[in-house]
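Chemist: Any chance you could fold what I've pasted below:
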Amino acid sequence: MQTYLQILGLLLLPLNGFSQESTPAPARERPPFTLGILPLALINPVQQSVSVQADIPLSSRWGVQAGIGWVFNSSSFATYKGETYTGLKLKPTLKYYMKRSDSGNSYISLVYKYNDLYNKNYINLLRQGGQYTEWSLQRKHIVTHGLSLQLGAQEYFGKNKKWMIEPFLGFGLRQIRVAYDALPPDAELLEVERFFSIERTEGLYKLPDLVIGISLGLCL
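Modeler: From the prediction side, this is the model:
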């Protein structure tokens, strides 16, 4: 974990560099269109996903970002054969570019997060008034809404500055609604006491949301 944070700290160094630049000299009327991927999303153990995002500049200072992802697995919530964790992730973003130069930009953004996910996993049920137990596959629906402020930096590199690296971090709030499919009429959930569990029971949760990541992309 410490090594992971150190790597992210190095990736966020462009933020510090841009903040020290006093007289940026934009080489373009507006930032370029970019298309990027989130490589860390591919190894996220909670929500392993393919996530892409596109930057659409509106002016020299304002732009929007369209982010979309598909969750295809979770080693945390789908560990046994037959269990699944899939769904859609959307992340529309409004960006304000604070400083610009011919080699990159720094920005602040307002990010809206929407996740619509389904998790199928096995649970223990008591059946027929407790006469026997059953290991049953049950579906859970997880819907997340979130809003956060985010700081980031885009640095262009390579021949003709066609490639981009974009570290970012942010903080906000998210609301998670968890709903389970109805159990059979004669079934009762067999609770297993655990010292620590990341499983959430049915209900509504309001939580802080810390965002740290990096995007790799192409300037179009």
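
Chemist: State the distance from Leu58 to Ser75.
Modeler: Using CB to CB, to the nearest Å, we find Leu58 at a distance of 39 Å from Ser75. The C-beta positions use only the backbone N, C-alpha and C, and glycine is treated the same way.

Chemist: Show me what counts as buried in the helix or strand Leu204 falls within.
Modeler: Using DSSP states H and E, Leu204 sits in strand 203-219. Buried residues in strand 203-219, defined by neighbour count with 16 or more other CB atoms under 10 Å: 209, 211-215, 217, 219.

Chemist: Just the CA coordinates for that strand, please, in PDB.
Modeler: Taking C-alpha atoms only, strand 203-219 is exported to PDB below (Å, rounded to 0.1, in the frame of the first residue of the first chain):
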ATOM      1  CA  GLY A 203     -30.400  -0.200   2.800                       C
ATOM      2  CA  LEU A 204     -29.200   3.300   2.000                       C
ATOM      3  CA  TYR A 205     -25.600   4.500   2.800                       C
ATOM      4  CA  LYS A 206     -24.100   7.900   2.700                       C
ATOM      5  CA  LEU A 207     -20.300   7.900   2.700                       C
ATOM      6  CA  PRO A 208     -17.300  10.100   1.900                       C
ATOM      7  CA  ASP A 209     -15.600   9.400  -1.400                       C
ATOM      8  CA  LEU A 210     -11.900   9.700  -2.100                       C
ATOM      9  CA  VAL A 211     -10.800   9.500  -5.700                       C
ATOM     10  CA  ILE A 212      -7.100   8.900  -6.700                       C
ATOM     11  CA  GLY A 213      -6.200   7.800 -10.200                       C
ATOM     12  CA  ILE A 214      -4.500   8.300 -13.500                       C
ATOM     13  CA  SER A 215      -5.500   8.400 -17.200                       C
ATOM     14  CA  LEU A 216      -3.400   7.600 -20.200                       C
ATOM     15  CA  GLY A 217      -4.600   9.000 -23.500                       C
ATOM     16  CA  LEU A 218      -4.200  10.300 -27.000                       C
ATOM     17  CA  CYS A 219      -4.600  13.900 -28.100                       C
END
